[in-house]
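Participant: Here is a sequence with its predicted model. Questions after.
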Amino acid sequence: MGAELDRDAYIALVGQEVGVSEWHLVDQKRIDQFADATEDWQFIHVDPERAARETPFGGTIAHGFLTTSLLSVFSYEAMPRIKGATMGVNYGFDRLRFISPVKAGSRVRGRFTLAEATMRKPGELLSRTSVNVEIEGEKRSALVADWLGLIYFQD
(Lines give C-alpha, C1' and ligand atoms only; values in the text may rest on other atoms or scores of the structure.)
Protein backbone atom coordinates (compact mmCIF):
# COMPACT_ATOMS: atom_id res chain seq x y z
CA MET A 1 0.00 0.00 0.00
CA GLY A 2 1.20 3.51 -0.77
CA ALA A 3 2.40 6.01 1.81
CA GLU A 4 -0.05 7.92 4.01
CA LEU A 5 -0.07 11.68 3.43
CA ASP A 6 -2.09 14.58 4.70
CA ARG A 7 -4.43 16.23 2.21
CA ASP A 8 -2.17 19.22 1.42
CA ALA A 9 0.83 16.95 0.83
CA TYR A 10 -1.29 14.83 -1.53
CA ILE A 11 -2.46 17.88 -3.48
CA ALA A 12 1.16 19.07 -3.73
CA LEU A 13 1.99 15.88 -5.68
CA VAL A 14 0.07 17.05 -8.76
CA GLY A 15 2.24 16.52 -11.83
CA GLN A 16 4.36 13.80 -10.21
CA GLU A 17 4.45 10.05 -10.47
CA VAL A 18 3.00 8.85 -7.18
CA GLY A 19 3.35 5.09 -7.39
CA VAL A 20 3.95 1.89 -9.28
CA SER A 21 2.15 -1.34 -8.41
CA GLU A 22 3.50 -4.86 -8.20
CA TRP A 23 3.40 -7.11 -11.27
CA HIS A 24 0.21 -9.20 -11.62
CA LEU A 25 -0.20 -12.35 -13.69
CA VAL A 26 -2.99 -12.42 -16.25
CA ASP A 27 -3.24 -16.14 -16.90
CA GLN A 28 -5.90 -18.12 -18.75
CA LYS A 29 -7.69 -18.98 -15.49
CA ARG A 30 -8.15 -15.28 -14.67
CA ILE A 31 -9.29 -14.56 -18.23
CA ASP A 32 -11.82 -17.41 -18.10
CA GLN A 33 -13.17 -16.27 -14.74
CA PHE A 34 -13.62 -12.75 -16.10
CA ALA A 35 -15.38 -14.16 -19.17
CA ASP A 36 -17.76 -16.05 -16.90
CA ALA A 37 -18.42 -12.99 -14.75
CA THR A 38 -19.18 -10.77 -17.75
CA GLU A 39 -20.66 -13.43 -20.05
CA ASP A 40 -18.17 -12.38 -22.74
CA TRP A 41 -16.90 -15.68 -24.11
CA GLN A 42 -15.49 -14.42 -27.41
CA PHE A 43 -13.00 -17.01 -28.67
CA ILE A 44 -10.09 -14.58 -28.66
CA HIS A 45 -10.30 -14.71 -24.86
CA VAL A 46 -11.33 -18.27 -24.01
CA ASP A 47 -10.25 -20.63 -26.82
CA PRO A 48 -6.43 -20.85 -26.89
CA GLU A 49 -6.26 -23.20 -29.90
CA ARG A 50 -8.64 -21.20 -32.08
CA ALA A 51 -7.06 -17.89 -30.99
CA ALA A 52 -3.62 -19.25 -31.93
CA ARG A 53 -4.93 -20.38 -35.30
CA GLU A 54 -7.17 -17.45 -36.25
CA THR A 55 -5.72 -14.31 -34.67
CA PRO A 56 -2.46 -12.40 -34.96
CA PHE A 57 -1.97 -12.70 -31.18
CA GLY A 58 -0.61 -16.26 -31.14
CA GLY A 59 -3.11 -17.25 -28.42
CA THR A 60 -5.73 -15.78 -26.17
CA ILE A 61 -5.72 -12.23 -24.88
CA ALA A 62 -7.32 -10.60 -21.86
CA HIS A 63 -10.49 -8.58 -22.20
CA GLY A 64 -9.73 -4.86 -22.22
CA PHE A 65 -12.18 -4.49 -19.35
CA LEU A 66 -10.30 -7.15 -17.38
CA THR A 67 -7.14 -5.09 -17.68
CA THR A 68 -9.13 -2.00 -16.70
CA SER A 69 -10.60 -3.77 -13.66
CA LEU A 70 -7.09 -4.48 -12.38
CA LEU A 71 -6.64 -0.73 -11.87
CA SER A 72 -8.33 -1.18 -8.50
CA VAL A 73 -5.71 -3.55 -7.12
CA PHE A 74 -2.91 -1.56 -8.74
CA SER A 75 -4.13 1.63 -7.07
CA TYR A 76 -4.44 -0.02 -3.64
CA GLU A 77 -0.80 -1.06 -3.93
CA ALA A 78 0.63 2.11 -5.41
CA MET A 79 -1.43 5.20 -4.62
CA PRO A 80 -0.82 7.22 -1.46
CA ARG A 81 -3.51 7.07 1.20
CA ILE A 82 -4.79 10.38 2.49
CA LYS A 83 -5.12 10.94 6.23
CA GLY A 84 -8.67 11.75 7.22
CA ALA A 85 -10.25 10.32 4.07
CA THR A 86 -13.45 8.45 4.91
CA MET A 87 -13.93 6.84 1.49
CA GLY A 88 -13.02 7.05 -2.16
CA VAL A 89 -15.29 6.30 -5.09
CA ASN A 90 -14.65 5.64 -8.74
CA TYR A 91 -15.96 8.62 -10.72
CA GLY A 92 -15.12 7.28 -14.18
CA PHE A 93 -12.68 8.06 -16.95
CA ASP A 94 -12.11 11.06 -19.15
CA ARG A 95 -9.91 8.97 -21.43
CA LEU A 96 -9.33 5.24 -21.73
CA ARG A 97 -7.43 3.64 -24.59
CA PHE A 98 -6.40 0.03 -25.12
CA ILE A 99 -2.97 0.25 -26.75
CA SER A 100 -1.69 -3.35 -26.88
CA PRO A 101 -3.30 -6.72 -26.17
CA VAL A 102 -2.40 -8.50 -22.94
CA LYS A 103 -1.59 -12.07 -23.95
CA ALA A 104 -2.52 -14.89 -21.58
CA GLY A 105 0.42 -15.57 -19.29
CA SER A 106 1.62 -11.94 -19.28
CA ARG A 107 2.28 -9.86 -16.20
CA VAL A 108 1.03 -6.28 -15.94
CA ARG A 109 1.40 -3.40 -13.50
CA GLY A 110 0.06 0.12 -13.07
CA ARG A 111 2.09 3.33 -13.06
CA PHE A 112 0.26 6.35 -11.61
CA THR A 113 0.80 10.09 -12.03
CA LEU A 114 -1.41 12.51 -10.12
CA ALA A 115 -2.69 14.92 -12.78
CA GLU A 116 -5.19 16.92 -10.70
CA ALA A 117 -6.37 17.14 -7.11
CA THR A 118 -9.02 19.79 -6.51
CA MET A 119 -11.39 20.38 -3.63
CA ARG A 120 -14.80 20.55 -5.32
CA LYS A 121 -16.59 21.44 -2.12
CA PRO A 122 -15.82 21.04 1.58
CA GLY A 123 -15.10 17.41 2.25
CA GLU A 124 -14.89 16.32 -1.41
CA LEU A 125 -11.69 16.11 -3.43
CA LEU A 126 -11.67 15.35 -7.16
CA SER A 127 -8.59 13.36 -8.10
CA ARG A 128 -7.53 12.82 -11.72
CA THR A 129 -4.84 10.19 -12.11
CA SER A 130 -3.03 9.36 -15.33
CA VAL A 131 -2.44 5.65 -15.35
CA ASN A 132 -0.29 3.56 -17.64
CA VAL A 133 -0.63 -0.22 -17.51
CA GLU A 134 2.65 -1.76 -18.57
CA ILE A 135 3.14 -5.29 -19.89
CA GLU A 136 6.31 -6.90 -18.59
CA GLY A 137 8.88 -7.22 -21.37
CA GLU A 138 6.85 -5.20 -23.89
CA LYS A 139 7.61 -1.72 -25.22
CA ARG A 140 3.99 -0.70 -25.65
CA SER A 141 1.52 -0.26 -22.82
CA ALA A 142 -1.63 -2.31 -22.44
CA LEU A 143 -3.71 0.77 -21.72
CA VAL A 144 -3.55 4.42 -20.79
CA ALA A 145 -6.27 6.27 -18.96
CA ASP A 146 -7.24 9.43 -17.12
CA TRP A 147 -9.04 8.01 -14.11
CA LEU A 148 -11.28 10.15 -11.93
CA GLY A 149 -11.97 9.55 -8.27
CA LEU A 150 -13.81 11.37 -5.54
CA ILE A 151 -12.25 11.28 -2.10
CA TYR A 152 -14.41 12.23 0.85
CA PHE A 153 -13.41 13.70 4.20
CA GLN A 154 -15.28 14.53 7.39
CA ASP A 155 -14.84 18.31 7.24
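Facilitator: That came through fine. Residues are numbered from 1 along each chain as shown.
Participant: Just confirm H45 is within a helix.
Facilitator: Yes. Assessed by DSSP: H, G, I helix; E, B strand; the rest coil, H45 belongs to a helix.
Participant: can you pull out the strands in this structure?
Facilitator: 4-5, 17-20, 24-26, 81-82, 85-98, 106-121, 124-135, 143-153 (DSSP state E).
Participant: report the longest helix in the chain, please.
Facilitator: helix 28-38 (DSSP state H).
Participant: who does that one touch, helix- and strand-wise?
Facilitator: helix 43-46, helix 64-69 (3 or more C-beta pairs under 8 Å, 6 or more residues apart in numbering; DSSP states H and E). Bear in mind the C-beta positions are built from the backbone N, C-alpha and C, glycine included.
Participant: Run the chain-centre distance for stretch 65-84.
Facilitator: 7 Å (C-alpha atoms, centre = their mean, to the nearest Å).
Participant: Report the contact partners of R7.
Facilitator: Residues in contact with R7 (C-beta atoms under 8 Å, 6 or more residues apart in numbering) are 82-84, 125, 153.
Participant: mind checking pLDDT for it?
Facilitator: As predicted, R7 sits at a pLDDT of 95.
Participant: what sits against the spatially most central residue of the chain?
Facilitator: Nearest residue to the geometric centre of the chain (C-alpha atoms, centre = their mean): L71, 2.1 Å. By C-beta under 8 Å, 6+ apart, L71 lies in contact with 110, 131, 133, 145, 147.
Participant: Okay, now the sheet partners of the helix or strand bottoming out on mean pLDDT in the chain, with direction.
Facilitator: None of the helices or strands of the chain scores lower by mean pLDDT, DSSP states H and E than strand 4-5, at a mean of 91. If you go by DSSP bridges, strand 4-5 pairs up with strand 81-82 (parallel).
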